[in-house]
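Undergrad: can you look at this prediction? I've put the sequence above it.
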Amino acid sequence: MSSRRISDVDFGYDQARHLLLRAGFGGTPDQIRTLADWGVEKAVDYLLDYEQVPDADKPLPDTFDRDIMRPASREERQRYQNAQSRRDEDALAALRLRRQQAQRNDRRQMRDMQKWWLARMISTPRPLQEKMTLFWHGHFATSYRTIENSYHMYMQNQLFRSNALGSFAKLLSEIIRDPAMLAYLDNNDSRKGKPNENLARELMELFSLGEGNYSERDIKEGARALTGYSFNDDSFVFNAGNHDTGRKTILGYTDTHDGDGFVTAILRQRACSMFICRKLYNFFATEIDITARERDLPKDAARIIADMDSAMRRSKFNIKPAMRELLLSEHFYSDAVVREQIKGPVDLIVGTVRAFNTPVRDLSVLLDALDLMGQNIFFPPSVKGWDGGRTWINTSTLFVRQNILAYLLTGKMPQGYDALADSEQYDPMQLLSYLTKVMPGSDADPAAVTRYMLRFTLGTTTGQPERIIREFLSEHQGQINRETLIGVLLLISAMPEYQLC
């Protein structure tokens with residue numbers, strides 16, 4: 001039985017708020033109301049069909065320098081060999097110094113790329129495209145710390161963005177040719193007779209099938225299929241002389257498989273689309289055990305995942321139809337999903353800036369906070385990516401979470417204030433614009449402002465949060481102005497409920 005779709009009657013402000021939080025990074029009150037007025041199908045399709053929205057920050061080919069970590073030229077290699085043969089220590093030291101300078105420049109460029117992507121997530125008019133790029137970054141996790149080539153990380157990031165809601169089959173085919181992934185999992189040196197099993201193992205275990213859906217023999221045979229898959233500079237290279245051309249049996253299919261044959265064998269497995277749909281559900285809906293048997297999943301979750309799986313298979317492994325099933329389902333807006341996910345550090349920072357429209361302030365400070373909170377973009381902790389969920393929260397990260405939100409709202413840092421705090425003062429009164437449209441004069445009513453702000457920020461209007469805000473405004477004689485509204489936002493952002501979405 002298919003899951004029920006939510007109707008326009010049941011899709012209002014609260015549901016639009018939830019949709020923007022999960023299929024993006026949140027929105028302002030006016031943006032939320034716009035989606036609510038459109039109705040669910042138009043709202044969902046607007047987010048999914050982002051190609052129709054102009055990209056305000058379209059990357060250019062020369063956005064970053066591709067040649068910082070380029071391979072040595074023939075002349076440079078010859079110079080190094082001559083210096084070695086002559087035992088010319090001065091010449092060797094100069095060559096090493098040049099290499100070290102290139103590495104320092106590349107680390108600086110990596111930092112610039114982090115700033116670029118964070119700024120892009122904050123300002124993009126295509127929030128679901130960037131949210132999917134973040135999803136794939138955690139799914140096909142690759143760390144700059146291992147490969148030490150910033151341009152390769154940029155190329156991979158662009159691969160995820162260009163195919164964010166496209167074909168998973170194409171993405172698998174591209175990832176076995178991606179220089180960053182090939183270097184990260186040591187496949188660039190894999191050759192006939194000495195196959196490296198890292199990429200073959202993770203391709204099945206973490207990227208496409210999940211544990212229990214392949215054998216150790218499949219790994220060994222898959223590794224043979226990937227021999228000769230390497231890269232030169234920024235381009236994929238198939239070294240035919242290093243490739244094992246023999247017959248291989250992978251996942252029950254026997255042939256002289258190369259990498260594409262390996263991918264085809266994976267895509268033929270019933271477990272493949274189901275595994276990806278579970279990963280999507282876990283990221284966009286609510287946390288589940290990815291490896292659990294279907295009968296052990298919550299019934300509503302199992303039903304919508306099955307719908308997503310059917311849509312994905314009907315469309316020959318396209319992601320967009322699967323996501324459409326999820327975002328249009330009644331289950332996605334149910335109590336089992338809404339406010340049941342802990343915001344990741346990126347969601348927390350990007351979502352706060354986008355929803356509250358605070359100054360971005362210093363991107364370096366925001367990146368440092370992401371690192372301290374456990375989500376340093378372009379530096380996932382392992383090939384498994386980030387665990388997410390409850391691992392985001394501990395005493396240290398909660399302290400950083402509160403500090404960085406105070407910084408966005410006021411410019412206040414643990415020691416002193418941001419240098420531009422005075423010139424980039426935040427005015428939250430803009431958030432009340434919709435309230436004044438529908439209820440003129442209510443922006444001066446503490447009770448109305450309390451309900452409005454809690455519904456916008458927390459998705460609830462009652463309980464302890466309401467009492468705290470009412471008491472605060474009462475202590476300030478019910479005044480609604482820039483200072484008191486910032487105080488309200490500081491209190492709300494420090495609440496446990498604000499850590500959920």
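TA: All right, it came through fine.

Undergrad: now do the end-to-end distance for stretch 136-145.
TA: End-to-end distance of stretch 136-145 (Cα to Cα, to the nearest Å): 18 Å.

Undergrad: buried ones in that stretch?
TA: Trp136, His137, Gly138, His139, Phe140, Ala141, Thr142, Ser143, Tyr144 (16 or more other Cβ atoms under 10 Å). Any C-beta I mention is one placed from the backbone N, CA and C, and that applies to glycine too.

Undergrad: check stretch 485-501 too.
TA: 485-493, 495, 497-499, 501.

Undergrad: roughly how far out does it sit from the chain middle?
TA: 23 Å (Cα atoms, centre = their mean, to the nearest Å).

Undergrad: end to end on it, go ahead and measure it.
TA: 22 Å.

Undergrad: does Asp362 really touch Met413, like I thought?
TA: No: between Asp362 and Met413 there is no contact under Cβ atoms under 8 Å: 9.4 Å.

Undergrad: quick one: contacts for Ile32?
TA: Counting by Cβ atoms under 8 Å, 6 or more residues apart in numbering, Ile32 touches Tyr13, Ala16, Arg17, Leu20, Phe456.

Undergrad: the second one - how many residues pack around it?
TA: Counted with other Cβ atoms under 10 Å, the burial measure for Ala16 works out to 23 neighbours.

Undergrad: can you give me the strands for this structure?
TA: For the chain, applying DSSP state E gives strands covering 229-232, 235-238, 248-250, 253-255.

Undergrad: strand partners (parallel or antiparallel) of the last one?
TA: This means strand 253-255. Using DSSP bridges, the strands paired with strand 253-255 are strand 248-250 (antiparallel).

Undergrad: show me what counts as buried in the partner strand.
TA: Lys248, Ile250.

Undergrad: repeat for stretch 430-441
TA: Buried-residue list, stretch 430-441, by 16+ other Cβ under 10 Å: Leu431, Leu432, Tyr434, Leu435.

Undergrad: against Gln269, how distant is the first one?
TA: In this case it means Leu431. Per Cβ to Cβ, to the nearest Å, Leu431 is found 49 Å from Gln269.

Undergrad: distance check, the residue positioned nearest the centre of the chain against Gly166.
TA: By Cα atoms, centre = their mean, the chain has its centre lying nearest to Leu134, at 1.6 Å. Remark: distance between Leu134 and Gly166 (Cβ to Cβ) = 16 Å.

Undergrad: same thing with Ser230?
TA: 25 Å.

Undergrad: show me where the stretch 351-500 of the chain has helices.
TA: All helices of the stretch 351-500 of the chain, identified by DSSP state H, counting those that start in this stretch, fall at 363-373, 395-410, 433-438, 446-458, 464-475, 482-493.

Undergrad: among the ones you listed, which is nearest Glu76?
TA: helix 363-373 (33.6 Å; Cβ to Cβ).

Undergrad: that closest one - contacts with which helices or strands?
TA: Helix 363-373 sits against helix 89-123, helix 345-356, helix 395-410, with contacts defined as 3 or more Cβ pairs under 8 Å, 6 or more residues apart in numbering; DSSP states H and E.

Undergrad: would you reformat these as a markdown table and include distance to His243, mean pLDDT and mean neighbour count?
TA: Formatted as a markdown table, those follow (distance: least, Cβ to Cβ, whole Å; pLDDT from 0 to 100; neighbours: other Cβ atoms under 10 Å):
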| stretch | distance to His243 | mean pLDDT | mean neighbour count |
| --- | --- | --- | --- |
| helix 89-123 | 31 | 91 | 15 |
| helix 345-356 | 39 | 98 | 24 |
| helix 395-410 | 46 | 96 | 18 |
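
Undergrad: isn't Gln31 up against Leu21?
TA: No: if you go by Cβ under 8 Å, Gln31 and Leu21 don't touch, sitting 11.4 Å apart.

Undergrad: ok, those two, which is more surrounded?
TA: Leu21 (23 against 18).

Undergrad: and the residue nearest to that one when sequence neighbours are not counted, how close does it get to Gln375?
TA: Nearest residue to Leu21, sequence neighbours excluded (Cβ to Cβ, 6 or more residues apart in numbering): Cys501, at 4.4 Å. Look at Cys501 and Gln375: by Cβ to Cβ, they are 15 Å apart.

Undergrad: wait, what's in contact with the residue nearest to Phe64 when sequence neighbours are not counted?
TA: Using Cβ to Cβ, 6+ apart and skipping residues adjacent in sequence, the residue nearest Phe64 is Tyr154, 5.5 Å away. By Cβ under 8 Å, 6+ apart, the contact list for Tyr154 reads Thr63, Phe64, Met113.

Undergrad: format these as a markdown table; extra columns: distance to Arg86.
TA: Shown next, in a markdown table, are the contacts of Tyr154 (distance: Cβ to Cβ, whole Å):
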| residue | distance to Arg86 |
| --- | --- |
| Thr63 | 41 |
| Phe64 | 37 |
| Met113 | 39 |
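
Undergrad: just curious, which of those is nearest to Gly351?
TA: Met113 (21.3 Å).

Undergrad: ok, Leu490 to Thr352 distance?
TA: 12 Å.

Undergrad: what is in contact with these two at once?
TA: Leu405.

Undergrad: how many neighbours does the residue found closest to Ser315 once you drop the neighbours it is linked to in the chain have?
TA: Counting by Cβ to Cβ, 6+ apart, Ser315 lies nearest to Pro321, which is 4.5 Å off, once chain neighbours are set aside. Residues lying near Pro321 (other Cβ under 10 Å) number 19.

Undergrad: cool, Ile288 as well?
TA: Neighbours of Ile288 using other Cβ under 10 Å come to 17.

Undergrad: who are the contact partners of it?
TA: For Ile288, the contact set (Cβ under 8 Å, 6+ apart) comprises Arg278, Tyr281, Asn282, Leu297, Pro298, Ala301.

Undergrad: just to revisit the earlier point, wait, which of the buried residues of stretch 430-441 is closest to Val53?
TA: Closest to Val53, out of all of these and judged by Cβ to Cβ, is Tyr434, at 22.1 Å.

Undergrad: need the contact list for the closest one.
TA: Pro29, Asp30, Arg33 are the contacts of Tyr434 under Cβ under 8 Å, 6+ apart.

Undergrad: list only buried entries from the residues you listed.
TA: Pro29, Arg33.
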